[in-house]
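Novice: Sequence plus predicted model, see below.
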Amino acid sequence: MPSYYGIYKETDIEFVDVKIDFRFEREDRQPDVIATTKENQKYLIVFCFDDYVRHKQSFDFHNLTCLSVNLTRQNFNSLENFLLTSSEDKHWINNDVYFKGIEAKYKDKGKLVKLVSDDKCKECKIRSSCCAVMSFDYGFRTPLLIKNNGQQFRLCKTEKYKQELKEYCKQQEEDRLCREANHRRWEEKLLAKEYEQVENDKYNYSIQPVPTDINNTDSEKSCFDCEINLAWACKDGWAHCGCRPELGSHGRINPEYAKQCPRFVRKRQ
């Protein structure tokens, strides 16, 4: 049997019973085989050519332990030796037994890992600095992807993830405080600018000449414009003041007196 993602090494397995399985019809007419160990563990062995399984109907291998065996390079004389002694051209389509034992196997070696679905990893806050177990493909380090029951999983290093997440949260908090400090400085500058503008406006207003209402000058005052003047009693160019008892009942007064009268109140327009 071949290695399982480098986690489980190549191993020999002895089957005590082997049966051809015809439940799933195939276009290439190759048989599927159900092989059983003495521990009653069943393996679905799929023989194929060009590493392509041609079942006529859709078929999934969920919860099965399934091995694909590529016979492309074999002939009648080499077949028996290939099946019994070689792990080449064989790969695991699904191995639920191995998959469920991965975390425990790493723990036995003193390493803590957690199987995390690839979809969940895409939502990880620190996905840019992935903490997964890495594999080397063509000289490049990439996360080890394990396929099981139609899903892909990564092996997340638990302790490293906790440390990286702690550093990430610390950095996020520092960035938040920095943004708040920058915002406060911006507000202070804005308030200072507004205050400076208000002070400038006050200064500019204070040096402006005060406009004089020409109508309030003494030269323009007339008793005819005073609120106290009784317009209905005015005759022959004389005003008639209503609050000057010393003038007598006739109340006549020269309208020019308004220029020096302390009681003068201009009529509202």
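Specialist: Noted; the coordinates are in hand.
Novice: Count the neighbours of Leu165 for me.
Specialist: Neighbour count for Leu165, taken as other C-beta atoms under 10 Å: 14. (C-beta placed from N, C-alpha, C; glycine too.)
Novice: Show me what counts as buried in stretch 255-269.
Specialist: For stretch 255-269, the neighbour count (16 or more other C-beta atoms under 10 Å) marks 255, 257-258, 261, 264 as buried.
Novice: do stretch 66-82 as well
Specialist: Counting neighbours by 16+ other C-beta under 10 Å, one finds that the buried residues in stretch 66-82 are 66-71, 74, 82.
Novice: tell me the contacts of the closest residue to Tyr257 other than its chain neighbours?
Specialist: The shortest distance from Tyr257 to any non-neighbouring residue, by C-beta to C-beta, 6 or more residues apart in numbering, is to Cys223 (6.0 Å). Cys223 makes contact with 229, 239, 241, 253-258, 261, 264, according to C-beta atoms under 8 Å, 6 or more residues apart in numbering.
Novice: now, which of these sits nearest Glu159?
Specialist: Among the contacts of Cys223, Phe264 lies closest to Glu159 (C-beta to C-beta), at 95.7 Å.
Novice: ok so the closest one is a helix residue?
Specialist: No - using DSSP: H, G, I helix; E, B strand; the rest coil, the assignment for Phe264 is coil, not a helix.
Novice: Can you flag which of the contacts of Cys223 belong to strands?
Specialist: Counting by DSSP state E, the contacts of Cys223 place 239, 253 in strands.
Novice: Out of the contacts of Cys223, which comes closest to Lys114?
Specialist: Among the contacts of Cys223, and counting by C-beta to C-beta, the member closest to Lys114 is Phe264, at 96.9 Å.
Novice: For the closest one, give its distance to Cys226.
Specialist: 5 Å (C-beta to C-beta, to the nearest Å).
Novice: so can I have JSON lines of the contacts of Cys223 showing distance to Ser128 and pLDDT?
Specialist: Shown next, in JSON lines, are the contacts of Cys223 (distance: C-beta to C-beta, whole Å; pLDDT from 0 to 100):
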{"residue": "Asn229", "distance to Ser128": "90", "pLDDT": "82"}
{"residue": "Ala239", "distance to Ser128": "94", "pLDDT": "85"}
{"residue": "Cys241", "distance to Ser128": "94", "pLDDT": "81"}
{"residue": "Ile253", "distance to Ser128": "97", "pLDDT": "82"}
{"residue": "Asn254", "distance to Ser128": "97", "pLDDT": "85"}
{"residue": "Pro255", "distance to Ser128": "93", "pLDDT": "84"}
{"residue": "Glu256", "distance to Ser128": "94", "pLDDT": "86"}
{"residue": "Tyr257", "distance to Ser128": "94", "pLDDT": "84"}
{"residue": "Ala258", "distance to Ser128": "89", "pLDDT": "82"}
{"residue": "Cys261", "distance to Ser128": "89", "pLDDT": "85"}
{"residue": "Phe264", "distance to Ser128": "85", "pLDDT": "83"}
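Novice: Map the structural domains onto the sequence of the protein.
Specialist: Per automatic domain parsing, the domain ranges recorded for the chain read 15-100, 102-160, 218-259.
Novice: For Ser3, find the nearest of those domains.
Specialist: domain 15-100 (7.2 Å).
Novice: So for the closest one, mean pLDDT?
Specialist: Domain 15-100 carries an average pLDDT of 84.
Novice: Endpoints of it, how far apart?
Specialist: 22 Å (C-alpha to C-alpha, to the nearest Å).
Novice: All set now, cheers.
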